[in-house]
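[1] I need the structure of the sequence given here:
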Amino acid sequence: MSDREFIAFLGPSGSGKSTLLRIIAGLEIADAGEVVLDGRRIDQLHPGARDVAMVFQAYALYPHMTVRENMAFGLRNARVPQNEIDARIAQAAAVLEIESQLDKKPAQMSGGQRQRVAIGRAIVKHPKLFLFDEPLSNLDAALRTRTRVELAQLRRRVDAAIIMVTHDQAEAMTLADRIVVMNDRRIQQIGAPMDIYTRPANSFVARFVGSPAMTLLPAALVPGEGPARVRLGDGTEVTTRIDRAALPSGPVELGLRPEHVRVAASGEGACEAEVLLVERLGDRTLVYAKLSDGQEITAEDAGLSAVKLGDRVRLRIDGAAAHLFDCNGDGHHAQVMDSAA
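    This is a model prediction of the structure:
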């Protein structure tokens, strides 16, 4: 990663993201590989000598100490001069807007304020790398959103790179320069947020990144050359912008984001489906439906949609934006081609 870059480790529980973070911090020992920071190998160093600072999910503040004492504790152990400690605490408190909280103890503070103190305790160390382990998971929804904004502002004020572990894709998509998607202790994809959203490397990433998840429908390739054409279980055929020659033989799955499946006017659209659920979000309506072969699909409609549970609707599929996943789960995506879609 580069200087001041913000990386998010994203994945479900048990995927290995927190373990990887703890290996970088020196709290776990790796079975293989090296950890290198700023050109220097650090995995053989004591955690306190690695020039990293970790913010834990549960804050890990000393309850008997004031905010000031919590922030000073690590610096005193490192024998930093008192005048330097005072200066660093004052600077961090100003950045985090907790100057008025310095003489309070954690029990006297809200969850959001305690989170800021935990971040402040990391800031005063002037590390080269910040490590955040699920920093917002203990906050309620409203406070999580406000703290997400504060983290976005914080990254502009500190001269260090940041790695954050999260299972919340909204946090990763909002804050990170790049996302490392993990599953089953393996890295599935690394890329910029919208690259991962628009070009998922495999079917796991396609399902995991995006809310609601991408619809994946079993499909068969229709023989031919040029843009790949697939036939769904209900007989619907969809022409993509994916080069047929780039696909291996065998069954495929057609991947569709909800915004690329629209409720069509009566008599229009590629296929018919029965509405299972209508989710009204104000500016748009999500329609969860079932095709005639039993496969479920998610579509979008206007915010003032008249669609209701049990309706039969026609759906218009944007094949130009479709994805295909082969029998190994590997993703294939639209290319710029001369042939018409």
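[2] centre of the chain to the helix or strand harbouring Phe132, how far?
    For Phe132, the host element (DSSP states H and E) is strand 129-133. Taking CA atoms, centre = their mean, to the nearest Å, one finds strand 129-133 lying 16 Å from the centre of the chain it belongs to.
[3] same question, stretch 63-71
    Distance of stretch 63-71 from the chain centroid (CA atoms, centre = their mean) equals 33 Å.
[4] go on, stretch 303-316?
    Remark: stretch 303-316 is offset 30 Å from the chain centroid, using CA atoms, centre = their mean.
[5] can you name the residues bridging to Glu253?
    Pro218, Phe325 (DSSP bridges).
[6] picking that back up, right, and the helix or strand after the strand holding Phe132?
    Next element after strand 129-133 (DSSP H and E): helix 141-157.
[7] helices or strands up against the helix or strand hosting Leu75?
    Element membership for Leu75 (DSSP H and E) is helix 67-77. Here helix 67-77 touches helix 82-96, helix 111-123, going by 3 or more CB pairs under 8 Å, 6 or more residues apart in numbering; DSSP states H and E. (Each C-beta comes from the backbone N, C-alpha and C, glycine too.)
[8] and the shortest one, what's its mean pLDDT?
    Per-residue pLDDT values over helix 111-123 give a mean of 85.
[9] that helix vs helix 82-96, what angle?
    Orientation of helix 111-123 against helix 82-96 (axes from the mean of the first three to the mean of the last three CA atoms, to 10 degrees) gives an angle of 140 degrees.
[10] same for helix 111-123, what does it pack against?
    Using 3+ CB pairs under 8 Å, 6+ apart: helix 111-123 touches strand 52-55, helix 67-77, helix 82-96, helix 141-157.
[11] same thing but 6 Å
    Contacts defined by 3 or more CB pairs under 6 Å, 6 or more residues apart in numbering; DSSP states H and E place helix 111-123 against strand 52-55, helix 67-77, helix 82-96.
[12] got the buried residues for that helix?
    For helix 111-123, the neighbour count (16 or more other CB atoms under 10 Å) marks 112-123 as buried.
[13] most packed of the helices and strands packed on helix 111-123?
    Among these, ranked by average contacts under mean count of other CB atoms under 10 Å, first place goes to strand 52-55 (a mean of 23).
[14] before we move on, back to that, each with direction, which strands does the strand holding Phe132 pair with?
    As assigned by DSSP bridges, strand 129-133 forms pairs with strand 52-55 (parallel), strand 161-166 (parallel).
[15] return the distance of the closest residue to Leu217 other than its chain neighbours relative to Val67.
    Leaving out its chain neighbours, the residue that sits closest to Leu217 by CB to CB, 6 or more residues apart in numbering is Leu254, at 4.7 Å. Applying CB to CB, to the nearest Å, the value for Leu254 to Val67 is 54 Å.
[16] just to revisit the earlier point, and of the helices and strands packed on helix 111-123, who's closest to Asp168?
    Among the helices and strands packed on helix 111-123, the nearest to Asp168 by CB to CB is strand 52-55 (15.7 Å).
[17] and that closest one, what's its mean pLDDT?
    Computed over strand 52-55, the mean pLDDT rounds to 89.
[18] re the thing from before, which residues touch the residue nearest to Leu217?
    217, 219, 230, 322 (CB atoms under 6 Å, 6 or more residues apart in numbering).
[19] and for the second one, the neighbour number?
    Residues within reach of Ala219, counting by other CB atoms under 10 Å, total 24.
[20] thought it was touching Val230?
    Yes: between Ala219 and Val230 there is a contact at 4.0 Å, judged by CB atoms under 6 Å.
[21] roughly how far does the residue lying closest to Ala90 once chain neighbours are set aside sit from Gln44?
    Among residues not flanking Ala90 along the chain, Glu99 sits closest, at 7.8 Å (CB to CB, 6+ apart). Glu99 is 39 Å from Gln44, where distance means CB to CB.
[22] same thing with Thr19?
    18 Å.
[23] with Arg22 instead?
    From Arg22 to Gln44 the distance is 16 Å (CB to CB).
[24] same check on Ala107?
    39 Å.
[25] kindly report the same for Val209.
    Going from Val209 to Gln44 by CB to CB gives 35 Å.
[26] which of those two has more residues huddled nearby?
    Shown here are Val209 and Gln44; by other CB under 10 Å, Val209 has more neighbours (22 against 10).
[27] that one reaches Asp195, doesn't it?
    No: using CB under 6 Å, Val209 makes no contact with Asp195, being 10.4 Å away.
[28] got the buried residues for the biggest strand by length in the chain?
    When the chain is parsed with DSSP state E, its longest strand is strand 271-280. Under the neighbour-count criterion of 16+ other CB under 10 Å, strand 271-280 has 271, 273, 275, 278 buried.
[29] buried residues in the least confident helix or strand in the chain by mean pLDDT?
    Lowest on mean pLDDT, DSSP states H and E among the helices and strands of the chain sits helix 141-157, with a mean of 76. The neighbour-count check on helix 141-157 (16+ other CB under 10 Å) flags 144, 147-148, 150-151, 154-155 as buried.
[30] with that, I have no additional questions.
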